[in-house]
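Colleague: I'd like to go over a predicted model; first the sequence, then the structure.
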Amino acid sequence: MNLFSLKSDFLQYIEIEKGRSALTVRNYEHYLTRFLDFVKVESPTDITESMMREYRVYLNRHPARAMKKGQAQETLDKKTQNYHLSALRAFLKYMRRQGVQSYDPERIELAKTQQRELDLISEKELENLMSSPDITTIAGLRDKAILELFFSTGLRVSELCSLDRDTDLKTGEISVRGKGGKIRVVFVSGAAAISVKKYLEQRVDIDEAMFIDHSPRAHARMVKEESIRLTPRSVERIVTKYAVIAGIAKKCTPHVIRHCLVGTTRIFLPNSITRTRELFSKNEKTRVNSYDFKNKKFINVFTTRKEKHITSNLLEIHADGRKIECTPYHRFFKVGTDNFVEGVEAQNIKEGDYLFGIKPHQGNFSKKNIRPKNFWRLIGYIVGDGTVSLARRGVILTDKDKKHIEYYAKLVENILKYKPTQTISTYSKSFCLNIYNLPFVKEMLAMGVGVPSKERIIPGALFNASKEEIIDFITGFYDAEGNSGKIKMFSASKHLLKDVQVLLLKLSIDSVLIERERTVILPSKNKKEIRHTIYILHVTQKESKVVFKKIIKTLKNNLIIEDTQRTDYKIPTQFLFKKNYSKFLECKGFSFYLEQKHNIKSLKRYQSICTTDVILEKIIDTMKVFNMEKSIVDEFFTALVMAKDIKFLKVASIKKIKAKSIEVYDFTIDKTSNFITDGFISHNSFATDLLYNGADLRTVQMMLGHASIATTQIYTNVTNKFLRDQFEKFHSKREKK
């Protein structure tokens with residue numbers, strides 16, 4: 001059989017056996033015909049490697065479309081080239097299944113494509129778009145109905161064009177047959193249903209299509225009893241037309257928003273801490289800690305929505321010793337140039353900005369111990385400096401201090417009812433504790449303790465443990481990786497120290513995470529040097545040092561509580577002083593009173609540097625003495641009250657992180673629209689906020705059951721009831737405006 005007859009058989013096969021649509025069959029025929037016309041061979045065995053290479057070059061240089069005179073010639077984009085290659089690969093696989101020898105389809109690699117750039121439209125732009133059609137004409141009524149229905153349901157253009165006029169919209173939902181012949185239910189907003197009804201009431205034709213062509217040329221076709229149903233290309237032109245009228249410069253099509261937090265981000269719950277991916281696995285009504293800006297206090301609120309997405313672009317923000325990883329679109333609260341709370345995307349944050357974080361505070365904990373006494377202290381020591389080996393069926397601990405090994409040997413004996421062996425290391429001047437207990441080894445591996453040092457994190461169960469158990473874990477970890485003297489902990493794992501950092505926050509202990517490059521000389525004959533990154537968690541604030549030494553009964557000696565850092569927190573009130581400085585100058589005796597009464601010699605300096613709660617209290621007291629305007633006093637007082645709970649984190653650096661693919665998570669928070677993430681106060685994610693303000697059209701489409709592989713990955717946990725509730729909440733808000 002020659003290639004041309006095999007092509008015909010293949011097209012019949014995908015149409016009948018595979019059930020592909022007529023459009024798909026037509027496209028495959030186009031792609032394969034282009035290939036056969038290029039290679040100019042008839043026998044399947046004549047297809048060679050050199051032909052394939054030349055064909056790839058041919059596709060890469062092939063004109064995309066006919067260009068007008070003077071325009072630069074465009075070539076086929078990588079995505080279109082891949083359509084050709086996918087069709088060819090499917091054809092070659094078909095021949096192989098039929099026993100026909102030809103070119104190996106596995107040797108065809110698809111071209112790498114760039115990540116799609118997406119445009120967003122604002123709520124105002126959306127409203128402008130919807131109000132653009134002239135509804136005094138039949139075409140305008142149609143276009144208004146198309147826009148409302150298109151953006152309320154998330155229908156594909158082809159699905160919208162296939163709707164018939166007898167479709168019942170009264171129930172608020174319709175069934176559509178989408179990509180791959182799959183049927184799904186989409187919801188219709190009240191505004192869309194009304195627009196469609198008004199349009200259909202003005203129709204006098206008998207065409208069965210819901211949306212038809214109303215141009216003069218369509219009348220001639222209607223006379224010939226031809227269908228005048230709108231085509232997908234016509235609808236795309238309609239959308240583009242009204243986007244121009246609305247003044248929207250961006251490409252106006254349904255689109256997707258990137259989401260927010262990486263899976264290891266720590267979320268503060270009422271009585272515990274969880275990681276983002278674990279919070280995602282819980283039901284929507286999960287309580288999280290949040291800051292109520294209106295009443296200036298922390299409260300517990302519900303998550304009401306969640307999403308997941310794959311991305312390769314992340315940012316790591318480092319601010320006053322705290323680090324958080326998120327997408328460029330994740331939003332934070334920051335001090336603006338003229339206000340005290342301002343939502344800002346991560347990609348727009350700059351070094352020197354002040355973000356809102358939480359101060360160390362005594363959090364709530366689980367009331368019951370989940371494991372035997374001292375169990376978590378042993379785990380902390382193992383996480384810090386232990387080796388878990390299934391091959392050796394043991395857990396091996398090493399320490400240069402023999403007293404530490406003897407102490408933990410007794411713990412092991414009490415907890416496991418097993419006596420470990422003690423040896424001396426042959427590689428270094430260290431003592432070893434060998435726990436050859438297979439059930440314990442398997443338990444450590446199940447808890448994730450057996451991973452390499454750089455990948456270690458705190459076992460998830462500890463986040464739900466009691467205060468006593470959390471203190472035990474940190475004590476054990478400090479025994480292994482802590483410092484004598486200044487209170488510091490060391491690790492090759494950044495995320496492990498971030499875990500410890502958020503636990504310390506709940507214990508009223510503040511700390512800073514530092515990254516250092518260092519050189520280590522291995523204890524071998526050739527004294528090999530290696531460079532690696534080490535992370536240091538340093539307790540620097542005096543009050544935190546006092547608390548740490550009081551509750552963490554470590555085996556390390558001589559913990560120092562020298563006053564190396566001021567105990568008060570900085571408050572970035574510069575914008576308040578710039579805005580009101582002239583008022584202070586106009587108030588005679590104000591500066592003199594401040595200097596004499598409170599030893600504050602200059603207010604001018606606070607236009608460029610931070611104040612503290614102590615200084616701010618004195619300035620507010622003076623403002624009241626001099627009867628300054630109540631509005632000004634209230635602004636400064638708000639800053640002072642807010643600072644009692646909030647730590648203003650000065651951004652030190654922002655790094656771009658490239659990853660092959662990583663899951664990121666997105667949550668909607670009820671009432672306050674914020675939650676605590678890695679010690680930062682995070683806003684509702686960018687996607688969520690836009691959804692509720694009318695711009696996240698692509699996310700609406702995905703919520704309504706988009707059939708592409710990306711959407712099924714993102715919305716695997718969303719129920720129909722949830723979709724209906726969110727849909728009604730979103731559109732009822734928009735219709736009230």
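Modeller: Thanks, I have it.

Colleague: Verify the contact between residue 530 and residue 519 for me.
Modeller: Yes. Proximity of residue 530 to residue 519 meets the contact threshold set by Cβ atoms under 8 Å, at 7.2 Å. Using the backbone N, CA and C atoms, a C-beta is placed for each residue, glycine as well.

Colleague: average pLDDT across the top helix by length along the chain?
Modeller: Ranked by residue count and defined by DSSP state H, the top helix of the chain is helix 78-97. Confidence for helix 78-97, expressed as mean pLDDT, is 91.

Colleague: Which strands or helices does it pack on?
Modeller: helix 3-16, helix 22-39, helix 49-61 (3 or more Cβ pairs under 8 Å, 6 or more residues apart in numbering; DSSP states H and E).

Colleague: now the angle from the last one to helix 78-97?
Modeller: Right, helix 49-61. Using axes from the mean of the first three to the mean of the last three Cα atoms, to 10 degrees, the inter-axis angle of helix 49-61 relative to helix 78-97 is 150 degrees.

Colleague: do the same with the longest one
Modeller: Our comparison of helix 22-39 with helix 78-97, counting by the same axes, to 10 degrees, yields an angle of 90 degrees.

Colleague: What are the buried residues along helix 22-39?
Modeller: Neighbour counts over helix 22-39 (16 or more other Cβ atoms under 10 Å) mark 24-25, 28-29, 31-32, 34-36, 39 as buried.

Colleague: Okay, buried residues for stretch 56-67 please.
Modeller: 56, 58-59.

Colleague: Need the helices and strands packed on helix 78-97 in a markdown table (columns: distance to residue 615).
Modeller: As requested, the helices and strands packed on helix 78-97 are arranged in a markdown table below (distance: least, Cβ to Cβ, whole Å):
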| stretch | distance to residue 615 |
| --- | --- |
| helix 3-16 | 76 |
| helix 22-39 | 71 |
| helix 49-61 | 66 |
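
Colleague: May I see the ones you listed arranged in a markdown table, with mean pLDDT and distance to residue 163 as well?
Modeller: Converted to a markdown table, the helices and strands packed on helix 78-97 look like this (pLDDT from 0 to 100; distance: least, Cβ to Cβ, whole Å):
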| stretch | mean pLDDT | distance to residue 163 |
| --- | --- | --- |
| helix 3-16 | 91 | 25 |
| helix 22-39 | 91 | 18 |
| helix 49-61 | 91 | 36 |
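
Colleague: mind checking which of the ones you listed is nearest residue 279?
Modeller: Proximity to residue 279 (Cβ to Cβ) singles out helix 22-39 among these, at 40.3 Å.

Colleague: other SSEs contacting the closest one?
Modeller: helix 3-16, helix 49-61, helix 78-97.

Colleague: May I see the buried residues of the last one?
Modeller: When neighbours are counted by 16+ other Cβ under 10 Å, the buried residues of helix 78-97 are found to be 81-85, 87-92, 94-96.

Colleague: of all the buried residues of stretch 56-67, which comes closest to residue 495?
Modeller: residue 56 (42.4 Å).

Colleague: Next up, the contacts around the closest one.
Modeller: Listed by Cβ atoms under 8 Å, 6 or more residues apart in numbering, the contact set of residue 56 reads 81, 85.

Colleague: If we use 10 Å, what do you get?
Modeller: Listed by Cβ atoms under 10 Å, 6 or more residues apart in numbering, the contact set of residue 56 reads 81, 84-85, 108-109, 111.

Colleague: Kindly report the same for residue 104.
Modeller: Contacts of residue 104 (Cβ under 10 Å, 6+ apart): 47, 49, 52, 89, 92-93, 96.

Colleague: Now distance to residue 623 too, for the buried residues of helix 22-39, in CSV please.
Modeller: Listed next are these as CSV, based on distance: Cβ to Cβ, whole Å:
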residue, distance to residue 623
24, 73
25, 79
28, 77
29, 80
31, 76
32, 81
34, 78
35, 80
36, 85
39, 85
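
Colleague: Widest-spaced pair of the residues you listed?
Modeller: 24 and 39 (22.9 Å).

Colleague: What are the boundaries of the helices in the stretch 51-200 of the chain?
Modeller: 78-97, 123-130, 138-153, 157-161, 190-201 (DSSP state H, counting those that start in this stretch).

Colleague: Other residues contacting stretch 1-19?
Modeller: By Cβ under 10 Å, 6+ apart, the list of residues contacting stretch 1-19 reads 20-22, 24-26, 28-29, 32-33, 35-36, 39, 41-44, 46-47, 87, 90-95, 97-98, 100, 102, 180-181.

Colleague: Flag every buried residue along that stretch.
Modeller: Quick answer for stretch 1-19 (16+ other Cβ under 10 Å): 3, 6-7, 10-11, 13-14.

Colleague: quick check, nearest of those residues to residue 386?
Modeller: residue 14 (57.2 Å).

Colleague: Low-confidence ranges, the stretch 601-737 of the chain, go.
Modeller: Across the stretch 601-737 of the chain, the stretches falling below the confidence threshold (pLDDT under 70) are 659-660, 684-737.

Colleague: Can you show me the strands along it?
Modeller: Along the stretch 601-737 of the chain, counting by DSSP state E, counting those that start in this stretch, strands occupy 611-612, 646-669, 674-677, 680-683.

Colleague: Show me what the shortest one is packed against.
Modeller: Strand 611-612 is packed against strand 570-571, helix 574-586, helix 613-625, helix 630-643, with contacts defined by 3 or more Cβ pairs under 10 Å, 6 or more residues apart in numbering; DSSP states H and E.

Colleague: partners of it, with directions?
Modeller: strand 570-571 (antiparallel) (DSSP bridges).

Colleague: quick one: the strand it pairs with to chain centroid distance?
Modeller: 29 Å (Cα atoms, centre = their mean, to the nearest Å).

Colleague: Outside of that strand itself, list whatever touches it.
Modeller: 320, 335, 340, 354, 606, 609-613, 615-616, 636, 639-640, 642-643, 646-650.

Colleague: Averaged pLDDT, it. What do you get?
Modeller: Computed over strand 570-571, the average pLDDT equals 92.

Colleague: One more: stretch 458-476?
Modeller: 91.

Colleague: before we move on, what about stretch 327-340?
Modeller: Here the average pLDDT along stretch 327-340 is 84.

Colleague: what does stretch 528-538 give?
Modeller: 84.

Colleague: now do stretch 395-411
Modeller: According to the model, stretch 395-411 has a mean pLDDT of 92.

Colleague: got the CA positions of that stretch in PDB?
Modeller: Extracted in PDB, the C-alpha atoms of stretch 395-411 (Å, rounded to 0.1, in the frame of the first residue of the first chain):
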ATOM      1  CA  VAL A 395      18.900   5.500  62.700                       C
ATOM      2  CA  ILE A 396      22.400   6.800  63.400                       C
ATOM      3  CA  LEU A 397      23.000   9.900  65.500                       C
ATOM      4  CA  THR A 398      26.400  11.600  65.800                       C
ATOM      5  CA  ASP A 399      27.700  14.300  68.200                       C
ATOM      6  CA  LYS A 400      31.100  15.500  69.300                       C
ATOM      7  CA  ASP A 401      29.800  15.700  72.900                       C
ATOM      8  CA  LYS A 402      29.600  12.200  74.400                       C
ATOM      9  CA  LYS A 403      27.100  13.500  77.100                       C
ATOM     10  CA  HIS A 404      24.600  14.300  74.400                       C
ATOM     11  CA  ILE A 405      24.800  10.800  73.000                       C
ATOM     12  CA  GLU A 406      24.400   9.300  76.500                       C
ATOM     13  CA  TYR A 407      21.400  11.600  77.100                       C
ATOM     14  CA  TYR A 408      19.600  10.500  74.000                       C
ATOM     15  CA  ALA A 409      20.500   6.900  74.500                       C
ATOM     16  CA  LYS A 410      18.400   7.000  77.700                       C
ATOM     17  CA  LEU A 411      15.600   8.700  75.800                       C
END
